[in-house]
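Novice: Give me a 3D structure for the following:
(one chain, ligands or ions: 1)
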Amino acid sequence: MKLFDVYPINDITIERAKDSYVWDENGVQYLDMYGGHAVISIGHSNPHWVKRIEEQLNKIAFYSNSVQIPIQKELAKKLSKLSGKEDYQLFLVNSGAEANENALKLASFHTGRKKIIAFKKAFHGRTSLAVAATDNPSIIAPVNETENVVFLPFNDEAALKEYFRTNVTEVAAVIIEAIQGVGGITLASPGFLQLLRKLCDENGVMLIADEVQCGYGRSGKFFAFDHAGINADIYTMAKGMGNGFPIGGILIAPHIKPKYGMLGTTFGGNHLACAAGLAVLEVMEEEDLVEKSKQRGQYLINKLRKIDGIENVRGLGLMIGFDVPLDLKDLRKNLLLHHNVFTGEAKPNVIRLLPALTITRKQMDEFLDALQEAINELRSEQNIPVDEVTA
Ligand SMILES: Cc1ncc(COP(=O)(O)O)c(C=O)c1O
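Specialist: Now for the predicted structure:
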C-alpha cells in the first residue's frame with residue numbers, strides 16, 4: 001500500500017529529538033527553528049513530559065467521556081492559572097481544525113445565527129467550516145463552499161465598520177488570528193482587535209480568537225489576544241498544547257452556557273492527552289516560559305534586524321517572520337541542506353521561525369550565524385560582492 005501523496009516532503013528521516021535539536025538516521029544533527037510546525041513548546045522529548053505520559057500509560061490511556069476523568073479538571077485548573085481566564089470553561093478536542101470547528105458551531109448555537117466573518121489570508125484548518133473560513137480556495141472542496149462565510153481585509157477598520165453597519169444581524173461570530181501564521185506572520189493591530197471587541201459587544205456577535213498557532217505562550221503572553229488587552233468569547237488552542245501529543249481545546253466565556261449533547265467527541269480529553277497537556281503547562285510554569293518567550297523573541301528579532309539581506313523582520317515572542325528577497329529565494333533550502341537548520345515558510349517569500357519556547361541563547365546564535373553564512377553563500381554563488389548588495 002502507498003501513502004496518499006499530499007505532502008511535498010524533504011527527503012530527511014528524523015529518528016530522534018531532544019530540546020531544539022533533531023537527528024536523522026545517519027546521526028546528522030539539525031537545529032529546529034520550526035518547532036515541528038509551532039508544535040514543540042517545551043522542547044522535543046522533554047523528560048517531565050515523557051515521564052508524565054509514561055506514568056499515565058501505565059495507569060489508563062483512554063476511557064470515554066461517559067465517566068469522570070479527573071485529569072481533565074486538573075488540566076482545566078492549571079490552564080486557568082496560566083492563562084488567567086479563570087471563569088472560562090474548557091472543552092477538549094484533538095486538533096486545531098477541530099477546535100475551530102467546535103468554536104464556530106458553538107457561536108452559531110449560542111446566537112442562533114449563521115454568518116461568520118473571517119479575514120483575508122486567514123488559515124483556520126481543513127474541516128468543513130474551518131476550511132470554509134480559510135482564505136485559500138484551492139483547499140476548499142465544492143461541498144465546503146458556503147455563503148455563510150465572508151472575508152474582510154485584515155486590519156482594515158473602515159471595512160469592518162461598514163460590514164457591521166449593514167449586515168450584522170445575521171453574524172454569529174468573527175474568527176481571527178491575532179498573528180496570522182500561514183498568512184505570513186502578520187500582526188493584527190491592537191486597535192483593530194479592540195474595535196472588533198467593541199463591535200461584537202454592541203451587536204451580540206461572538207469573538208473567536210484562533211490561538212492554535214500564536215497562542216499558548218508563543219507570542220510572549222499566554223494568548224496573543226492579551227497584547228491588545230481584550231478578551232475573546234472563545235479561544236481555540238492546539239499545536240503547543242501537547243508538545244507533539246495530539247490535543248486541542250476551546251476556552252469558552254462564562255456567558256456561553258452548555259447543554260448536554262451540544263458538543264462531543266470520542267477521543268477529545270482522553271487521559272493520555274491530558275497527561276501530555278498537563279506536563280506542558282507544568283514545565284511552562286516551572287520554567288516561566290511565557291516570559292522567556294518574550295525575552296528570547298526580542299533578542300532574536302533585534303539580531304535579525306541587523307542582518308543584511310532579509311527584510312521586514314516582524315513578530316512577537318517566538319513567532320517571527322521575515323521576507324526573503326528574490327536574489328536569496330533559495331535561502332530556506334540552503335539553511336536546511338547546507339546548515340542543517342529547519343525553518344518554516346509562508347508563501348510566497350516568508351521564512352517563519354517557530355522554535356520551542358525553551359530555545360537557548362546559544363542555539364539562537366547558532367541559527368543567526370547559519371543564516372548569515374547562508375546569505376553569504378547564496379550571494380557569492382551569484383558573484384555579487386557583499387558590499388554591492390549592501391549599498
Ligand atoms: C491558526 C491555525 N488554526 C488552525 C490550524 C489547524 O490546526 P490542525 O492542523 O491541528 O488542524 C492551524 C494549522 O496550521 C493554524 O495555524
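Novice: Need the phi and psi values for the closest residue to Glu285 other than its chain neighbours.
Specialist: Nearest residue to Glu285 in three dimensions, chain neighbours excluded: Leu82, at 6.1 Å (CB to CB, 6 or more residues apart in numbering). Yep, even glycine has a C-beta here, placed from its N, CA and C like the rest. Backbone torsions of Leu82, given as degrees, to the nearest 10, read phi -80, psi -30.
Novice: Tell me if I'm right that Leu82 and Val290 touch.
Specialist: Yes. Contact criterion CB atoms under 8 Å: Leu82 and Val290 qualify, at 7.5 Å.
Novice: which helices and strands does the strand or helix carrying Arg16 pack with?
Specialist: Using DSSP states H and E, Arg16 falls within strand 14-18. If you count contacts as 3 or more CB pairs under 8 Å, 6 or more residues apart in numbering; DSSP states H and E, strand 14-18 packs onto strand 21-24.
Novice: What lies in contact with whichever helix or strand comes after the strand it packs on?
Specialist: On the C-terminal side of strand 21-24, the nearest following helix or strand under DSSP H and E is strand 29-32. Strand 29-32 has contacts (CB atoms under 8 Å, 6 or more residues apart in numbering) with 12, 14, 17, 20-24, 40, 44, 336, 340-342, 355-356, 363, 366-367, 370.
Novice: Output the helix or strand following strand 29-32 as CSV, restricted to C-alpha atoms.
Specialist: On the C-terminal side of strand 29-32, the nearest following helix or strand under DSSP H and E is helix 35-38. Only the C-alpha atoms of helix 35-38 are listed here, as CSV (Å, rounded to 0.1, in the frame of the first residue of the first chain):
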residue,chain,number,x,y,z
GLY,A,35,9.3,23.6,16.3
GLY,A,36,7.8,20.8,14.1
HIS,A,37,5.3,23.5,12.8
ALA,A,38,4.9,25.5,16.0
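Novice: circling back to that earlier point, can you turn the buried part of the contacts of strand 29-32 into a PyMOL selection?
Specialist: Buried members of the contacts of strand 29-32, defined by 16 or more other CB atoms under 10 Å, are picked up in PyMOL with:
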select buried, resi 14+17+20+21+22+23+40+44+336+340+341+342+355+356+363+366+367+370
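Novice: any idea whether Pro258 is helix, strand or coil?
Specialist: Counting by DSSP: H, G, I helix; E, B strand; the rest coil, the backbone at Pro258 sits in coil.
Novice: Report how far apart the opening and closing residues of stretch 30-50 are.
Specialist: Its first and final residues considered, stretch 30-50 spans 21 Å by CA to CA, to the nearest Å.
Novice: hmm, that stretch touching the ligand?
Specialist: No. Stretch 30-50 does not reach the ligand (CB under 6 Å from any ligand atom); its nearest approach is 6.6 Å.
Novice: Okay, and the beta partners of Met237?
Specialist: Counting by DSSP bridges, Met237 forms beta bridges with Gly249.
Novice: how near is it to the ligand?
Specialist: Per CB to the nearest ligand atom, to the nearest Å, Met237 is found 10 Å from the ligand.
Novice: One more: Phe225?
Specialist: Phe225 is 13 Å from the ligand, by CB to the nearest ligand atom.
Novice: Is the closest residue to that residue other than its chain neighbours part of a helix or strand, or is it coil?
Specialist: Closest residue to Phe225 in three dimensions, ignoring its sequence neighbours and counting by CB to CB, 6+ apart: Ala209, at 4.5 Å. Following three-state DSSP, Ala209 is assigned to strand.
Novice: Check the average confidence over stretch 243-250, would you?
Specialist: Across stretch 243-250, the average pLDDT comes to 98.
Novice: can you check stretch 349-362 too?
Specialist: The pLDDT scores in stretch 349-362 average 98.
Novice: on that earlier part again, for Leu82 and Val290, indicate the residue with more neighbours.
Specialist: For Leu82 versus Val290, neighbours defined as other CB atoms under 10 Å are more numerous around Val290 (22 against 18).
Novice: Find the nearest non-adjacent residue to the residue nearest the centre of the chain, please.
Specialist: Residue closest to the mean C-alpha point of the chain, counted by CA atoms, centre = their mean, is Gln213 at 0.4 Å. Spatially, and ignoring its direct neighbours in sequence, Gln213 is nearest to Gly181 (3.8 Å; CB to CB, 6+ apart).
Novice: Next up, the contacts around the one you found.
Specialist: If you count contacts by CB under 8 Å, 6+ apart, Gly181 has them with Ala38, Phe123, Gln213, Cys214, Met319, Ala346, Arg352, Leu354.
Novice: Ok, Gly315 next?
Specialist: The contact partners of Gly315, by CB under 8 Å, 6+ apart, come to Ile179, Ile185, Leu187, Gly297, Ile301, Gly321, Leu353.
Novice: Val150 reaches Lys114, doesn't it?
Specialist: No. Distance between Val150 and Lys114: 11.2 Å, which falls outside the contact criterion (CB under 8 Å).
Novice: From what I see, the residue nearest to Phe225 and Phe223 are in contact.
Specialist: Yes. Using CB under 8 Å, Ala209 is in contact with Phe223, at 6.3 Å.
Novice: which residues are common contacts for these two?
Specialist: Listed contacts common to Ala209 and Phe223 are Ala178, Gly215, Ala232, Tyr235; contacts here mean CB under 8 Å, 6+ apart.
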